[in-house]
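Trainee: here is my input, please return the structure:
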Amino acid sequence: MKKILIIEDEWKMRRLIRDYLVREGYIVDEAGDGQEGYDKFCESEYDLVVLDIMLPKLDGWSVCRKIREKSAVPIIMLTARSEESDELFGLQLEADEYITKPFNPQILVARIKSIFRRSGKPDKVVTKGITVDEGVRRAILEGQNLELTPKEFDLLLYFVQNKGLALSREKILNSVWGWDYFGDVRTVDTHVKRLRKKIGDIYIHTIRGFGYRFEEG
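Mentor: The predicted model follows:
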């Protein structure tokens with residue numbers, strides 16, 4: 001299970017991010033200033049760091065620089081600033097992502113999932129009633145193994161990794177079947193119908209004229 005460190009001095013923002021990540025099945029540690037955050041990073045192992053820039057005691061730039069001296073762990077930087085020079089500076093320090101406040105926490109979760117997918121490390125995604133283990137390509141519904149075709153598994157994995165997001169049929173087709181797939185979006189509808197028969201109708205919601213959204217049962 002992935003472990004994430006949030007370094008953010010605004011208590012409400014830190015708790016909001018934490019709640020979203022915990023719901024996604026991540027282990028979360030928190031720090032309210034830069035020095036505390038860096039100390040925690042040195043004391044444990046983390047798979048990703050969410051790092052605010054404007055921090056007391058040790059600013060986010062300094063924390064990022066110190067972390068990069070010893071680790072290549074993914075870092076997502078948060079800031080209330082919007083100047084391109086700040087973003088460029090963050091990327092020069094080898095931060096992986098840069099998100100300007102205010103932002104939708106679901107966007108942050110999606111960015112984190114994207115980073116983990118790019119890292120190539122298998123991950124287990126847990127949602128209410130369903131566990132999808134990418135490493136062993138196994139899906140479990142309420143304690144029972146699901147008998148899924150390879151494409152049904154890929155589709156379910158994509159849905160749970162993007163839980164709560166409105167996904168167009170075109171985006172699903174391109175992400176699950178690939179940009180070079182010659183079929184049309186009706187393929188998505190057919191596979192969603194088959195998947196619903198195996199996991200029930202409570203998870204995958206149809207967005208009329210657009211696509212689908214996966215929600216916890």
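Trainee: now do the SS call for D154.
Mentor: At D154 the chain is in helix, as set by DSSP: H, G, I helix; E, B strand; the rest coil.
Trainee: all helices of the protein, in order?
Mentor: For the chain, helices defined by DSSP state H occupy the ranges 11-23, 34-43, 60-68, 84-92, 105-119, 150-161, 169-172, 186-199.
Trainee: could these go into a markdown table alongside distance to I4 and mean neighbour count?
Mentor: Placement of C-beta: from N, CA and C, glycine included. Output for the helices of the chain, formatted as a markdown table (distance: least, CB to CB, whole Å; neighbours: other CB atoms under 10 Å):
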| stretch | distance to I4 | mean neighbour count |
| --- | --- | --- |
| helix 11-23 | 6 | 16 |
| helix 34-43 | 11 | 18 |
| helix 60-68 | 14 | 19 |
| helix 84-92 | 18 | 14 |
| helix 105-119 | 7 | 16 |
| helix 150-161 | 15 | 19 |
| helix 169-172 | 25 | 18 |
| helix 186-199 | 27 | 15 |
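Trainee: can you dump the C-alpha coordinates of stretch 186-205 into PDB?
Mentor: Taking only C-alpha atoms (Å, rounded to 0.1, in the frame of the first residue of the first chain), the coordinates of stretch 186-205 have been written out as PDB:
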ATOM      1  CA  ARG A 186     -19.800   1.200 -28.700                       C
ATOM      2  CA  THR A 187     -17.100  -1.100 -27.600                       C
ATOM      3  CA  VAL A 188     -17.000   0.800 -24.300                       C
ATOM      4  CA  ASP A 189     -20.800   0.400 -23.800                       C
ATOM      5  CA  THR A 190     -20.600  -3.300 -24.500                       C
ATOM      6  CA  HIS A 191     -17.900  -3.900 -22.000                       C
ATOM      7  CA  VAL A 192     -19.500  -1.700 -19.400                       C
ATOM      8  CA  LYS A 193     -22.700  -3.800 -19.800                       C
ATOM      9  CA  ARG A 194     -20.800  -7.000 -19.300                       C
ATOM     10  CA  LEU A 195     -18.800  -5.600 -16.300                       C
ATOM     11  CA  ARG A 196     -22.100  -4.400 -14.600                       C
ATOM     12  CA  LYS A 197     -23.400  -8.000 -14.800                       C
ATOM     13  CA  LYS A 198     -20.400  -9.200 -12.800                       C
ATOM     14  CA  ILE A 199     -20.100  -6.400 -10.200                       C
ATOM     15  CA  GLY A 200     -23.600  -5.100 -10.100                       C
ATOM     16  CA  ASP A 201     -25.300  -1.900 -11.200                       C
ATOM     17  CA  ILE A 202     -24.400   0.300  -8.100                       C
ATOM     18  CA  TYR A 203     -20.800   1.200  -9.100                       C
ATOM     19  CA  ILE A 204     -20.800   2.400 -12.700                       C
ATOM     20  CA  HIS A 205     -23.200   5.300 -13.400                       C
END
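Trainee: quick one on the thing from earlier: want to throw the helices of the chain into CSV with mean pLDDT and distance to H205?
Mentor: Output for the helices of the chain, formatted as CSV (pLDDT from 0 to 100; distance: least, CB to CB, whole Å):
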stretch, mean pLDDT, distance to H205
helix 11-23, 92, 18
helix 34-43, 94, 38
helix 60-68, 90, 38
helix 84-92, 54, 35
helix 105-119, 84, 15
helix 150-161, 90, 10
helix 169-172, 90, 13
helix 186-199, 94, 10
